[in-house]
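> Show me how the following folds:
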Amino acid sequence: MPESKGKVCVTGAAGFLASWLIKRLLLSGYHVTGTVRDPGNEKKVGHLRRLEGAKERLRLVRGDLMVEGSFEEAVMGCDGVFHTASPVLGRSTTDPKGEILQPAINGTLNVLRSCRKNPSLKRVILTSSSSTVRARDDFDPRVPLDESSWSSVELCERLKIWYALSKTLAERAAWEFCKEYKIDLVTVLPSFVIGPSLPPDLCSTAADVLGLLKGETEKFKWHGRMGYVHIDDVALCHILVYERENAKGRYLCSSTVVDNDELASILAARYPSLPIPKRFEKVDRPYYELDTSKLKGLGLKLRSVEEMFDDCVASLTEQGYLTPTSSSMLETTD
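Numbers count the residues shown, from 1 in each chain. From the prediction side, this is the model:
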């Protein structure tokens, strides 16, 4: 058994990223308290209880972003808190402000207010998004975007980019709160996260990837150009910036930025039996690159697009969403 590294809390424990983060934390020797809406719902949390080390070092407690003080039990006595929980925008929302903007901001502040009451707290890691960096129309496409860039609130509101707006406002609120109350905060800004899913139900990103592999283009065409990153690398990034005392500020976490047509070409060649679209309808999206040198400077090596999709396809097949016949037609040209 690995040597104990202390006690940490992970919010939104049953989620796609949080599940991987908990898996990695347990393997590293941490005692983990995870918050979920209903600890008794085995369909939602059973995969967490089956993780290696969970029986000895994982505790699940109730926590709700919209219930003030509901995270106090979870964070008390923890050295670190990983706040990954965030509301997800539904496919057809009529009230984006009520469904995602206010819950994202108030939920983050709710967790931080509980953290402030914990005398053992050393650091908070907040899962933000690369969408807090790139939703703007005033940058030079020849200069890669880095952590100093912030998305335009006005642009997000005008174009109704609610997810990016929610993440931007929530992260800004977190920085203001932590500055006022002297909480050591580090934020992680992942791009589009790809990889195997531990929860039994597909998250929105995995569902989008499954649609792409089955020939659907509607969702992905709006990406235009997008950064991608392996789910395990995002989990490892969270732990790395928590453990490194010299880690400060924001960290973009992204492997490769590609256009939709380039991605389709890579995937079609790699999985020739799948009905992956060859081309996408063009949408007006600015060209951009992401500068991840700050994270790479900490020593984290990020997996390629091919590796993350290979792992994702294998997971979707194992879970029964893809047939073994189609997904096994993998061209290994490496």
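> residue contacts, Val188?
Ile125, Leu126, Thr127, Ser128, Val234, Cys237, His238, Val241, Tyr251, Cys253 (C-beta atoms under 8 Å, 6 or more residues apart in numbering). Where C-beta positions appear, they are placed from N, C-alpha and C, glycine not excepted.
> Now do the SS call for the first one.
Taking DSSP: H, G, I helix; E, B strand; the rest coil as the rule, one finds Ile125 in the strand state.
> now the nearest residue to it once chain neighbours are set aside: how far from Thr132?
Once flanking residues are discounted, Ile125 sits nearest to Phe82: 4.8 Å by C-beta to C-beta, 6 or more residues apart in numbering. For Phe82, the distance to Thr132 (C-beta to C-beta, to the nearest Å) stands at 18 Å.
> ok, so of the contacts of Val188, who is nearest Glu262?
Distance to Glu262, by C-beta to C-beta, is smallest for Cys253 among the contacts of Val188, at 20.6 Å.
> returning to what we had before: more neighbours: which of Phe82 and Thr132?
Neighbours were counted for Phe82 and for Thr132 using other C-beta atoms under 10 Å; Phe82 has more, 29 against 25.
> hey, where'd the strands end up in the stretch 201-334 of the chain?
With DSSP state E, counting those that start in this stretch as the criterion, the stretch 201-334 of the chain has strands at 225-230, 249-253, 256-259.
> So for Ser114, which of those strands sits nearest?
strand 249-253 (22.5 Å).
> List the buried residues of that closest one.
Arg250, Tyr251, Leu252, Cys253 (16 or more other C-beta atoms under 10 Å).
> Show me what it is packed up against.
Applying 3 or more C-beta pairs under 8 Å, 6 or more residues apart in numbering; DSSP states H and E, one finds that strand 249-253 contacts strand 185-190, helix 231-243, helix 293-296.
> strand partners of that strand, parallel vs antiparallel please.
Applying DSSP bridges, strand 249-253 is found paired with strand 185-190 (parallel).
> After the partner strand, heading C-terminal, what element do we hit next?
strand 192-194 (DSSP states H and E).
> So in that sheet, which strands flank that following strand, and in what orientation?
When DSSP bridges is applied, strand 192-194 pairs with strand 225-230 (parallel).
> chain center to the partner strand: distance?
Computed by C-alpha atoms, centre = their mean, to the nearest Å, the chain-centroid distance of strand 225-230 equals 11 Å.
> Low-confidence stretches in the chain?
Applying pLDDT under 70 to the chain picks out residues 1-3, 89-92, 221-223, 283-284, 324-334.
> Determine the longest helix present in it.
Longest helix of the chain, by residue count under DSSP state H: helix 162-180.
> Pull the residues that contact it.
Applying C-beta under 8 Å, 6+ apart, the contact partners of helix 162-180 are 86-87, 89, 93, 96, 100-101, 104-105, 107-109, 112, 124, 126, 128-129, 131-132, 135, 150-151, 153, 156-157, 183-185, 187.
> now with 7 Å?
89, 96, 100-101, 104-105, 108-109, 112, 124, 126, 128-129, 131-132, 135, 150-151, 153, 156-157, 185, 187 (C-beta atoms under 7 Å, 6 or more residues apart in numbering).
> Identify each buried residue in that helix, please.
Applying 16+ other C-beta under 10 Å to helix 162-180 flags 162-175, 177-178 as buried.
> export it as PDB, just CAs?
Extracted in PDB, the C-alpha atoms of helix 162-180 (Å, rounded to 0.1, in the frame of the first residue of the first chain):
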ATOM      1  CA  TRP A 162     -23.000  30.100 -21.700                       C
ATOM      2  CA  TYR A 163     -20.500  27.400 -20.600                       C
ATOM      3  CA  ALA A 164     -17.500  29.700 -21.300                       C
ATOM      4  CA  LEU A 165     -19.300  32.500 -19.500                       C
ATOM      5  CA  SER A 166     -20.100  30.400 -16.500                       C
ATOM      6  CA  LYS A 167     -16.500  29.200 -16.200                       C
ATOM      7  CA  THR A 168     -15.100  32.700 -16.700                       C
ATOM      8  CA  LEU A 169     -17.300  34.300 -14.100                       C
ATOM      9  CA  ALA A 170     -16.800  31.500 -11.600                       C
ATOM     10  CA  GLU A 171     -13.100  31.500 -11.800                       C
ATOM     11  CA  ARG A 172     -12.900  35.300 -11.500                       C
ATOM     12  CA  ALA A 173     -15.100  35.100  -8.400                       C
ATOM     13  CA  ALA A 174     -12.800  32.400  -7.000                       C
ATOM     14  CA  TRP A 175      -9.700  34.500  -7.500                       C
ATOM     15  CA  GLU A 176     -11.400  37.600  -5.900                       C
ATOM     16  CA  PHE A 177     -12.600  35.500  -2.900                       C
ATOM     17  CA  CYS A 178      -9.200  33.800  -2.300                       C
ATOM     18  CA  LYS A 179      -7.300  37.000  -2.600                       C
ATOM     19  CA  GLU A 180      -9.500  38.600   0.000                       C
END
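> What's the end-to-end length of stretch 72-88?
Start and end residues of stretch 72-88 are separated by 23 Å (C-alpha to C-alpha, to the nearest Å).
> Distance to Gly46 added to the strands of the stretch 201-334 of the chain, as CSV?
Formatted as CSV, these follow (distance: least, C-beta to C-beta, whole Å):
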stretch, distance to Gly46
strand 225-230, 24
strand 249-253, 28
strand 256-259, 34
